[in-house]
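Engineer: coords please:
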Amino acid sequence: MLYHLVSRSDFEIQPADEPYVAASLADEGFIHLSATLAQVAWVASNLYTGVPDLAVLVIDESLLTAPVRYDETPDGVFPHLYGPLDRDAIIAIEPPPT
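Structural biologist: Numbers count the residues shown, from 1 in each chain. Have a look, this model is predicted:
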């Protein structure tokens, strides 16, 4: 499983019959993901404080059509999706870890 943190309202404003496209795809060339729940918790507490409608997209990596690469970042190795996120690959939407 992979995970993506997102404002639920930002996610829901996009057409449900099209792949999800995070702003980072246009800005940075990829969608930020997490590989573990520990990474999700770290990202939520360090980068998403103050987002009232934060949600975690749970993603089945085997259903993605865009490539995933595990890239070294200043905060460790994180997966990045180099293309839009297929809606079929989202298997659950959960609240963020507390």
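Engineer: Specify the beta-bridge partners of the closest residue to Q39 other than its chain neighbours.
Structural biologist: Distances taken as Cβ to Cβ, 6 or more residues apart in numbering put F78 closest to Q39, at 6.6 Å, once the chain neighbours are dropped. Backbone N, C-alpha and C define where each C-beta goes, glycine included. For F78, the beta-bridge partners under DSSP bridges are D71.
Engineer: Return the residues in contact with F78.
Structural biologist: 32-35, 39, 70-71 (Cβ atoms under 8 Å, 6 or more residues apart in numbering).
Engineer: Columns secondary structure on top of those, output as JSON lines?
Structural biologist: Formatted as JSON lines, the contacts of F78 follow (DSSP: H, G, I helix; E, B strand; the rest coil):
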{"residue": "H32", "secondary structure": "strand"}
{"residue": "L33", "secondary structure": "coil"}
{"residue": "S34", "secondary structure": "strand"}
{"residue": "A35", "secondary structure": "coil"}
{"residue": "Q39", "secondary structure": "helix"}
{"residue": "Y70", "secondary structure": "strand"}
{"residue": "D71", "secondary structure": "strand"}
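Engineer: Correct me if wrong: L64 contacts L81.
Structural biologist: Yes: proximity of L64 to L81 meets the contact threshold set by Cβ atoms under 8 Å, at 6.6 Å.
Engineer: Alright, I will stop here.
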